[in-house]
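1. below: sequence and its predicted model.
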Amino acid sequence: MVDATRAAQRPRSMFEKIWTRHVIAEREGGESLIYIDRNFVHEGPFYAFDGLRLENRKVHRPLKQFAIADHYAPTKHREAGVVAIQDPDIRRMIEQLEQNARDFGVPLIGMTDARQGIMHVVAAELALVQPGMITTAADSHTTSIGAFGALAFGVGASEIKHILATQSLWFRKPKTMRVTVEGSLPRGVAAKDVILAVVGKVGLSGGTGHVIEYAGPAIGAMTMDERMTICNMSIEMGARAGMVSPDETTFAYLKGRQYAPPAEYWERALAFWRGLPTEPGAHFDQEISLDTSRIEPMVTWGNLPEHALPISARVPHPDEAASEKQRGHYERALAYMQLEPGMRLTDVAVDRVFIGSCTNARFEDLAAAAEILKGRHAVVPAMVSPGSTDVKRRAEAAGLDRIFKEAGFEWRDSACSMCVGSNGDFALPGERCASTSPRNYENRQGRGVRTHLMSPAMAAAAAVTGRLTDVRNLG
Ligand SMILES: CC(C)[C@H](C(=O)O)[C@@H](O)C(=O)O
Ligand code: SF4
């Protein structure tokens, strides 16, 4: 009894509060069976449905799922429909998703649906994610929507099958990390620069097994679009999830959206949501802090997101690596990226620019890029794939599409597109691409393609100069 009282008084983190509410059962070895509020599937994990068919099982709670076409959706000529997709493998992936949704009674946002988009962008736009929820998807960047004060886990296809069959999943309880971001964003510095700086500091595996809470004045001042960019890249540090406390910004974003609590439940929802934030004095297994006043626009030079540096820096020498392992990564990255140690990042010429992905293709991202492109022209091939069909529509209503097109950019439909190339949108072999996506892995944007990650404004700057460029110099 005394212990229980003490436990109740102990200050709790947002993670602990949400986790505890969702535990159905615990088993030896420290695993908990967790209730899943909502699960998302894209074209990838179709074998989860095949598995259910084989075992003659149903989806337990079909209306707690959402199937969204994003990875394989073409970014051109979409109005012609799925049947018009030329590549039979790509067509099959989308047809399968639609078939599985129909067969199992799962709500579908298909390729030509007005609500279509990258699932993590759509989940927010429709308020399918809300504070206090636990959501899952067979996609590592599910972490994005933890920005709403939810726990959002990326899981594997076999786990998706378990979730479809039971609406729950066994998890080992993650550890916790808090990243406190002080200060306010200097001119020319975007949320992407902040998270690239964090990933550079924490490293590839520094967040392994942890749920990261991003806190501090810089995060509190961010819009939902920016917070999603931050949470999106949690996975690039190995973290299980990323989250931000829900606040007035969160509530204002959610209000009135399709799946938000309706007016008669709104006050009750608010009262619950307001009780979620971390209490002062709550314990975190790791604490890290960062001051934005020292952050510059960032770019990656290598093949891991942690290979992030301020644009004013030079390409590092393997001797600068912090460990033998990292030295190996540096050597391999220098060879693949065809860069010389010591060269200025601003001397690196690019062949192509991609503005898109669940990291950086929401409305504010496109607006930031368009701001730089106004009255300027791209000197290399460049394209925009908006994060969702709704983002595309809003951007067009605001005239952003005209700015992009006048600057020589292709204005495409919404999909994962050249972030990963599943739909066939690749850069040409060996090209060097300035990209707003979250990953710079070898061959990800095409065979031998060398990817440099950066913010939308920095990508626009690279497009008009043909090299990695400090956007602050373009005014
Ligand atoms: C295809 C999918 C499983 C993958 C992921 O999990 O992240 C993709 O979205 C990515 O960004 O690499
Ligand atoms: S946009 Fe890129 S990172 Fe995001 S889900 Fe699609 S492939 Fe993954």
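-> Yep, that arrived. Numbering: from 1, shown residues only. Ligands and ions are numbered 1, 2, ... in the order given.
2. who's in contact with whichever strand or helix holds Ile230?
-> Using DSSP states H and E, Ile230 sits within helix 224-232. Residues from elsewhere that reach helix 224-232 (Cβ atoms under 8 Å, 6 or more residues apart in numbering): 120-121, 124, 141, 143-148, 152, 190-192, 194-195, 198, 214, 219, 222, 241-244, 249-250, 253, 358-360, 362-365, 438. From N, CA and C alone the C-beta is placed, and that goes for glycine too.
3. so who does whichever residue of the chain sits closest to ligand 1 touch?
-> Minimum separation of the chain from ligand 1 (Cβ to the nearest ligand atom) falls at Ser140, amounting to 3.6 Å. Contacts of Ser140 were listed using Cβ under 8 Å, 6+ apart, and they are Gly154, Ile235.
4. next, give phi and psi for it.
-> phi -70, psi -30 (degrees, to the nearest 10).
5. make 52 the first number, not 1, from now on.
-> I'll keep to 52 as the first residue from here, and by that count the last item is Ser191.
6. quick one: it and Glu482, what's the gap?
-> Note on Ser191: its distance to Glu482, by Cβ to Cβ, to the nearest Å, is 25 Å.
7. of all the residues in this protein, which ones are close to ligand 2?
-> His122, Ile169, Asp190, His192, Ser408, Cys409, Cys467, Cys470, Val471, Ser488, Pro489 (Cβ under 6 Å from any ligand atom).
8. next, count neighbours for the third one.
-> Right, the one you point to is Asp190. Neighbour count of Asp190, defined by other Cβ atoms under 10 Å: 24.
9. tell me where the model's unsure across the protein.
-> Within the chain, the segments meeting pLDDT under 70 span 52-59.
10. hmm, 80 instead?
-> 52-60, 526 (pLDDT under 80).
11. need the contact list for Met170.
-> Contacts of Met170 (Cβ under 8 Å, 6+ apart): Phe91, His93, Phe117, Ile119, Asp121, Ala188, Asp190, Cys409.
12. please apply the same query to Ile246.
-> Thr280, Ile281, Asn283, Met284.
13. export those residues to a markdown table and tack on neighbour count?
-> A markdown table is the format used below for the contacts of Ile246 (neighbours: other Cβ atoms under 10 Å):
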| residue | neighbour count |
| --- | --- |
| Thr280 | 31 |
| Ile281 | 28 |
| Asn283 | 28 |
| Met284 | 27 |
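14. mind checking the SS state of the residue nearest to Gln116 when sequence neighbours are not counted?
-> Of all residues not flanking Gln116 in the chain, Val157 sits nearest, at 4.4 Å (Cβ to Cβ, 6 or more residues apart in numbering). For Val157, the assignment made with DSSP: H, G, I helix; E, B strand; the rest coil gives coil.
15. can you tell me if stretch 338-356 touches ligand 1.
-> No. Stretch 338-356 is not in contact with ligand 1 by Cβ under 6 Å from any ligand atom; minimum separation 11.3 Å.
16. show the contacting residues for Glu457.
-> Contacts of Glu457 (Cβ under 8 Å, 6+ apart): His428.
17. wait, isn't Lys261 in contact with Thr227?
-> Not quite, residue 261 is His, not Lys. Yes. Under the criterion of Cβ atoms under 8 Å, His261 makes contact with Thr227 at 6.2 Å.
18. can you pull the residues that touch both of those two?
-> With Cβ under 8 Å, 6+ apart, His261 and Thr227 have common neighbours Asp336, Gln337.
19. quick check: end-to-end length of stretch 82-90?
-> 20 Å (Cα to Cα, to the nearest Å).
20. what sits up against it?
-> With contact meaning Cβ under 8 Å, 6+ apart, stretch 82-90 is reached by 70, 73-78, 115-117, 174, 179-180, 184-188, 211, 214-215, 218-224.
21. which residues does the closest residue to Asp452 other than its chain neighbours bridge with?
-> Nearest non-adjacent residue to Asp452, counting by Cβ to Cβ, 6+ apart: Trp462, 4.9 Å away. Residues in a beta bridge with Trp462, per DSSP bridges, are Val435.
22. Three-state assignment for Glu338, please.
-> strand.
23. ok, for Ser340, nearest residue in space, not its chain neighbours?
-> Closest to Ser340 by Cβ to Cβ, 6+ apart is Thr231, at 4.2 Å.
24. so Gly254 makes contact with Glu357?
-> Yes. Gly254 is within contact range of Glu357, at 5.0 Å (criterion: Cβ under 8 Å).
25. around ligand 1, pick out the residues from the stretch 152-301 of the chain.
-> Counting by Cβ under 6 Å from any ligand atom, the stretch 152-301 of the chain sits next to ligand 1 at Asp190, Ser191, His192, Gly205.
26. mind running it again at 8 Å?
-> Listed as neighbours of ligand 1 in the stretch 152-301 of the chain under the rule Cβ under 8 Å from any ligand atom: Ala189, Asp190, Ser191, His192, Gly205, Ile286.
27. if I've got this straight, the last one is in a helix?
-> When you say that, I think you mean Ile286. Yes. Ile286 forms part of a helix when assessed by three-state DSSP.
28. count the residues that sit near it.
-> By other Cβ under 10 Å, 24 other residues sit near Ile286.
29. now do the first one
-> Using other Cβ under 10 Å, Ala189 has 24 other residues around it.
30. swap in the one 3 residues further on?
-> Counted with other Cβ under 10 Å, the neighbours of His192 add up to 27.
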